[in-house]
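Visitor: 3D, please:
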Amino acid sequence: MRILDVTLLDSLTEQARGNPRLRQNLNLHASYDDPSQRLLNAMEPDSYIRPHRHLVNPKPECFVGVRGKLALIIFDDQGGVENVYPFGPNDGTFGADLPPGIWHTVTCLEPGSVFFETKPGPFIPIDNKDMAPWAPPEGSFEAVRYLQQLVDLAKRKSGRWI
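Guide: As a prediction, this is how the structure comes out:
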């Protein structure tokens with residue numbers, strides 16, 4: 001058993017801040033083979049998750065905001081933004097249940113943000129075919145500018161600038 005409290009979230013946030021990718025997950029499941037993958041994801045602004053989908057190994061995902069403010073961004077097959085869903089525990093929208101095969105990413109809109117994620121196991125890394133060919137790779141120079149465009153769009157959609 002694991003207790004999920006503010007101390008745990010604070011620790012996870014500090015780890016994310018010290019991680020070059022500015023995010024840190026904490027697996028709540030015992031093994032990558034578990035049939036239910038459950039994890040907490042701490043994210044800081046400027047953390048870039050390359051848009052992707054889960055079509056090669058189709059799995060739904062569920063995201064629930066625990067702290068802070070984030071945005072789920074949905075894309076069409078050409079990389080156009082179809083919708084932006086800001087979410088967090090203090091918003092009218094606190095999460096999303098996403099079917100497999102949809103191009104998406106999550107962006108962080110406030111420091112100290114954490115979300116809970118669950119999806120069916122076992123864990124299988126995302127196939128390269130499921131990484132958006134129209135989005136820059138993580139760590140690239142282009143990714144910095146692309147992420148800023150996504151964050152700006154998400155902040156406008158959330159109705160306030162942070």
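
Visitor: Would you check how far apart the closest residue to residue 86 other than its chain neighbours and residue 97 are?
Guide: Sequence neighbours aside, residue 158 is the residue nearest to residue 86 in space, at 3.8 Å (criterion: CB to CB, 6 or more residues apart in numbering). C-betas here are computed from N, CA, C, even on glycine. When distances are taken as CB to CB, to the nearest Å, residue 158 and residue 97 turn out to be 20 Å apart.

Visitor: Repeat that for residue 75.
Guide: Going from residue 75 to residue 97 by CB to CB gives 18 Å.

Visitor: Please apply the same query to residue 64.
Guide: Look at residue 64 and residue 97: by CB to CB, they are 9 Å apart.

Visitor: neighbour-wise, which of these two wins?
Guide: Residue environment comparison for residue 64 versus residue 97 gives the larger neighbour count to residue 64, 16 against 10, counting by other CB atoms under 10 Å.

Visitor: Which other helices and strands does the helix or strand where the more buried one lies contact?
Guide: Assessed by DSSP states H and E, residue 64 sits inside strand 61-67. Other helices and strands packing on strand 61-67, by 3 or more CB pairs under 8 Å, 6 or more residues apart in numbering; DSSP states H and E, are strand 95-98, strand 113-120.

Visitor: Pick out the residue nearest the middle of this structure.
Guide: For the chain, the residue lying nearest the average C-alpha position, counting by CA atoms, centre = their mean, turns out to be residue 106 (3.5 Å).

Visitor: tell me the contacts of that residue?
Guide: For residue 106, the residues meeting the contact criterion (CB atoms under 8 Å, 6 or more residues apart in numbering) are 41, 43, 49, 63, 70, 71, 72, 73, 115.

Visitor: Kindly recompute the last result at 7 Å.
Guide: For residue 106, the residues meeting the contact criterion (CB atoms under 7 Å, 6 or more residues apart in numbering) are 49, 63, 70, 71, 72.

Visitor: got the residues you listed as a markdown table, with distance to residue 13 and pLDDT columns?
Guide: Supplementary listing: the contacts of residue 106 in a markdown table, determined by distance: CB to CB, whole Å; pLDDT from 0 to 100:
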| residue | distance to residue 13 | pLDDT |
| --- | --- | --- |
| 49 | 17 | 97 |
| 63 | 17 | 97 |
| 70 | 13 | 96 |
| 71 | 18 | 96 |
| 72 | 20 | 97 |
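
Visitor: Determine the longest helix present in this protein.
Guide: As assigned by DSSP state H, the longest helix anywhere in the chain is helix 141-157.

Visitor: what comes up buried for it?
Guide: 146, 147, 150, 151, 154, 155 (16 or more other CB atoms under 10 Å).
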